[in-house]
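Engineer: next come a sequence and a model predicted from it.
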Amino acid sequence: MELEIIPLNLDGQEDAFLIYRPLVRLGFVGNTAMAELARRVSRDPARFTAQAQGQDGSAAFLSRIGFLEPDPDVPLENPPPSTAVLLLTNRCQLRCVYCYAAAGEFAPRQLKVSTGKTAIDYVCEQAQRMNQPRFQVDFHGGGEPTIEWKTLKELTEYARGKPLPSKISVTSNAVWSEAQCEWLAEHMDVISVSMDGSSVTQDRQRPMANGNPSSPVVMRNLRTLDERKIAYGIRMTACAPWEKLADDVRFILENTACRTMQVEPAFNDQRGGHRQPERDEERSFVEAFIDAYNLALDHQASLYYSGARPNVVTRAFCSAPYHALVVNPDDEIVACYEIASDRHPLAGIATFGRIHDGKVEIDPVKRKRLHDLLAQRLESCRSCFCRWNCAGDCFTRAFGIGEQAHLAKTRRCDLNREISLHMILGLIERQGGVWQGAARMDEEYG
């Protein structure tokens, strides 16, 4: 039985601990005596199960709330990929100040239609072999996929023509013509829009390539989606000054119909990479996220950050290295949409195949090597209470360069713990003193 007991510093409550069973999504706040009892129970739950029968004391309380339930297994399945993530281009109409790929700054590269069709054939065949009800195609990053409009439409039509149903999604900056917006609303199953909030924030962080504001066209297209009652999510990037995050979330809540938002911090001060936060930046983002998270809850909306997911139980931060066939414009098969080219510092360990002469060629040795590194990192997180929902964090953020750099612990780890603790305590409060969450045994992608 895995048990975490975390000392708390709560206003008006000196003797307080978070008593937390991560694998069964159970948590409550107790005093020293309750924490010690929970620790003893975790060592011999069978004894206390019998002891709790017919009693009204603390042991009975633990039994009643499900504390004595055994930990479930958390498998990490590694089937052949049944999702194709197609990085159509490295071009973009925007020049976002934090862009990890520095999209638009290099010689143009485009995914060949034939490469996309080969990837779609492959994932459809794998889904059929595994008796899955559908396969998935995601048009994603490295640039703006809708720039390659003809390719996107042709590959969508091709996927729809396969013998198995398809789920097709696009992650986009929403800089579309009116006709493109109408087409996407009609043909995409899932739309994720990258935008950062108010016009001031959007235009500062996500200007057009010529320096003009992007907010007018983005907001026009979001209004069209809202008028057509098309559901979509918004993926925000937060930068300093951090305190504006809540205002940007409020802007989205008041000016769009979107009620599902993801926010990720960008600490880099130039395009083309990531940077770990300094201590003051970490604290500032934590405080800003908590304010924005609480604001979203007040509006019956969801704001989440990928490093803090208390409802998820998983061995993998992201399913892409395991379940997805991610193909970049160089015909390379990579582990993440951020590996848009061989310029990425982790391309050496995160590239494990290619599409060549109409065939998908995966190097099982290189693929397993990355999986082994991810497993080693998760094992190194054994002492962290976030282990089963953060699962070692996103490897493009967590891994350094060097022999043991995949095991490095950073300030982002501290950030993840602080936000996770706040979320768990909030769940406990909103559920009347005991959080009994239904565990989701999955690996989230994206």
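Structural biologist: Thanks, I have it. Numbers count the residues shown, from 1 in each chain.
Engineer: secondary structure element for Val170?
Structural biologist: strand 166-172 (DSSP states H and E).
Engineer: ok, and what's touching the helix or strand encompassing Gln376?
Structural biologist: Element membership of Gln376 [criterion: DSSP H and E] is helix 364-380. For helix 364-380, the external contacting residues (Cβ atoms under 8 Å, 6 or more residues apart in numbering) are 78, 315-316, 321-322, 335, 349-353, 387, 391-392, 395, 398-399, 406-407, 409. For every residue, glycine as well, the C-beta is placed using N, CA and C.
Engineer: in helices, which of these appear?
Structural biologist: Among the contacts of helix 364-380, the subset assigned to helices under DSSP state H consists of Pro321, Tyr322, Ile349, Ala350, Arg387, Phe395, Ala398.
Engineer: quick check, nearest of these to Gln270?
Structural biologist: Distance to Gln270 across the ones in helices among the contacts of helix 364-380 (Cβ to Cβ) is lowest for Ala398, with 20.4 Å.
Engineer: thought that closest one was touching Leu407?
Structural biologist: No - in this structure Ala398 lies outside contact range of Leu407 using Cβ atoms under 8 Å: 9.2 Å.
Engineer: compare those two and say which is more crowded by neighbours.
Structural biologist: Ala398 (25 against 16; other Cβ atoms under 10 Å).
Engineer: mind listing what Ala408 touches?
Structural biologist: By Cβ under 8 Å, 6+ apart, the contact list for Ala408 reads Ala398, Phe399, Gly400.
Engineer: ok, back up a step: show the buried residues in the contacts of helix 364-380.
Structural biologist: Buried subset of the contacts of helix 364-380 (neighbour count, 16 or more other Cβ atoms under 10 Å): 315-316, 321-322, 335, 349-353, 387, 391-392, 395, 398-399, 406-407.
Engineer: domain assignment for the chain?
Structural biologist: 4-72, 80-426 (automatic domain parsing).
Engineer: how long is the last one end to end?
Structural biologist: Put plainly, it is domain 80-426. Taking Cα to Cα, to the nearest Å, the first and last residues of domain 80-426 lie 38 Å apart.
Engineer: three-state assignment of the residue lying closest to Tyr293 once chain neighbours are set aside?
Structural biologist: Among residues not flanking Tyr293 along the chain, Leu303 sits closest, at 5.1 Å (Cβ to Cβ, 6 or more residues apart in numbering). The three-state label given to Leu303 by DSSP: H, G, I helix; E, B strand; the rest coil is strand.
Engineer: if I look at Leu303, how far off is Ile120?
Structural biologist: Leu303 sits 33 Å away from Ile120 when distances are taken as Cβ to Cβ, to the nearest Å.
Engineer: and what of Leu37?
Structural biologist: From Leu37 over to Ile120 the distance is 56 Å, taken as Cβ to Cβ.
Engineer: which of those two has more neighbours?
Structural biologist: Looking at Leu37 and Ile120 with other Cβ under 10 Å, you find the greater number of neighbours at Ile120, namely 23 against 20.
Engineer: for the helix or strand where the more buried one lies, what is the average pLDDT?
Structural biologist: Under the criterion of DSSP H and E, Ile120 resides in helix 113-129. The average pLDDT within helix 113-129 is 98.
Engineer: other residues contacting it?
Structural biologist: So helix 113-129 is contacted by 79-84, 86, 88, 134-137, 151, 154-155, 158-159, 162-164, 166, 325, 327, 331, 355, 358-360 (Cβ under 8 Å, 6+ apart).
Engineer: can we see that at 6 Å?
Structural biologist: 80-82, 84, 86, 135, 151, 154-155, 158-159, 162, 164, 325, 327, 331, 355, 358, 360 (Cβ atoms under 6 Å, 6 or more residues apart in numbering).
Engineer: and for stretch 338-351?
Structural biologist: By Cβ under 6 Å, 6+ apart, the residues outside stretch 338-351 that reach it are Leu87, Tyr100, Ala101, Gly142, Asn328, Glu332, Val334, Ala335, Leu370, Thr396, Ile401.
Engineer: quick one: contacts for the second one?
Structural biologist: Taking Cβ under 6 Å, 6+ apart as the contact definition, Tyr100 lies against Glu338.
Engineer: change it to 8 Å
Structural biologist: Taking Cβ under 8 Å, 6+ apart, we find Tyr100 in contact with Asn268, Arg271, Gly272, Gly273, His274, Glu338, Thr396.
Engineer: of those, buried ones?
Structural biologist: By neighbour count, with 16+ other Cβ under 10 Å, the contacts of Tyr100 hold Asn268, Arg271, His274, Glu338, Thr396 as buried.
Engineer: picking that back up, and of the contacts of Ala408, the nearest to Thr260?
Structural biologist: Proximity of the contacts of Ala408 to Thr260 (Cβ to Cβ) peaks at Ala398, which lies at 25.1 Å.
Engineer: enumerate every residue touching that closest one.
Structural biologist: By Cβ under 8 Å, 6+ apart, the contact set of Ala398 is Arg377, Gly392, His406, Ala408, Thr410, Arg412.
Engineer: want to try CSV for those residues, with pLDDT and distance to Asp44 as columns?
Structural biologist: Formatted as CSV, the contacts of Ala398 follow (pLDDT from 0 to 100; distance: Cβ to Cβ, whole Å):
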residue, pLDDT, distance to Asp44
Arg377, 96, 32
Gly392, 96, 30
His406, 93, 37
Ala408, 88, 37
Thr410, 88, 37
Arg412, 92, 37
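Engineer: which element is Phe285 on?
Structural biologist: Using DSSP H and E, Phe285 sits in helix 279-298.
Engineer: which elements pack onto that helix?
Structural biologist: Under the contact criterion of 3 or more Cβ pairs under 8 Å, 6 or more residues apart in numbering; DSSP states H and E, helix 279-298 touches strand 233-238, helix 245-255, strand 260-265, strand 302-304, helix 411-430.
Engineer: can you redo these as TSV with mean neighbour count?
Structural biologist: Listed next are the helices and strands packed on helix 279-298 as TSV, based on neighbours: other Cβ atoms under 10 Å:
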stretch	mean neighbour count
strand 233-238	22
helix 245-255	20
strand 260-265	21
strand 302-304	19
helix 411-430	19
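Engineer: I'd like these as JSON lines, with distance to Leu94 appended.
Structural biologist: What follows is the helices and strands packed on helix 279-298, written out as JSON lines (distance: least, Cβ to Cβ, whole Å):
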{"stretch": "strand 233-238", "distance to Leu94": "12"}
{"stretch": "helix 245-255", "distance to Leu94": "17"}
{"stretch": "strand 260-265", "distance to Leu94": "17"}
{"stretch": "strand 302-304", "distance to Leu94": "23"}
{"stretch": "helix 411-430", "distance to Leu94": "25"}
